[in-house]
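Asker: structure for the following, please:
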Amino acid sequence: MSRLLTMKNLVIEGFQEEQWGDIVLGVDVHVDRGEVLGLIGESGAGKSTIGIASMAYCRDGCRIVSGSIKFDDLELTTATDDQMRSIRGVRISYVAQSAAASFNPAHHIIDQYVEAPVKHGIMSRAEAEKGARDLYSRFDLPDPDNIGDRYPHQVSGG
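Answerer: Now for the predicted structure:
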């Protein structure tokens, strides 16, 4: 099986109390095609920071200081903006662990679901909406034909 994601000796700093300090220090991650990786740790241990860094992103107040992040043999830490645009949201994405962090409360759920495939030209809006409703149905969500027309706060998080 071929390697899909490799992060080597990743160092990420965060800005706290008027100075930069290490928050992720020397992390190595290897994910092969078809493989699933779970990160487990205490709150604030850096799980989400590492996940976001897999796309060469950092939250405000953080920065990737050193290390290598390769996705399908493309070194993301030195990739051009065009190269990054061609893979983010198309080949690699980050989904936050909580619905509150995942959905914009001002937009209908289905609009947020269809945004990426339509924006990247993967499918038409009609195709994306059909795919969304099919997914809602497979997940046994109530009223799969209409649940996407609701705002996130109108759908139970449970």
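
Asker: phi, psi of the residue located most distally from the centre of the chain?
Answerer: Distance from the centre of the chain peaks at Glu18, with 28.7 Å (CA atoms, centre = their mean). The phi/psi pair for Glu18 (degrees, to the nearest 10) reads phi 70, psi 20.

Asker: got it, and Arg59?
Answerer: Torsion angles, degrees, to the nearest 10, at Arg59: phi -70, psi 160.

Asker: is it true that it touches Ile52?
Answerer: Yes: in this structure, Arg59 is within contact of Ile52 by CB atoms under 8 Å, at 6.6 Å. All C-beta atoms are positioned from the backbone trio N, CA, C, and that covers glycine.

Asker: and those two? which has more neighbours close in?
Answerer: The neighbour comparison of Arg59 against Ile52 (other CB atoms under 10 Å) goes to Ile52, with 16 against 12.

Asker: so that one, which of the three states?
Answerer: Assigned with DSSP: H, G, I helix; E, B strand; the rest coil, Ile52 falls in the helix class.

Asker: do the same with Ser68
Answerer: Local secondary structure at Ser68 is given as strand here, using three-state DSSP.

Asker: just list whatever residues bridge to it.
Answerer: Counting by DSSP bridges, Ser68 forms beta bridges with Lys8.
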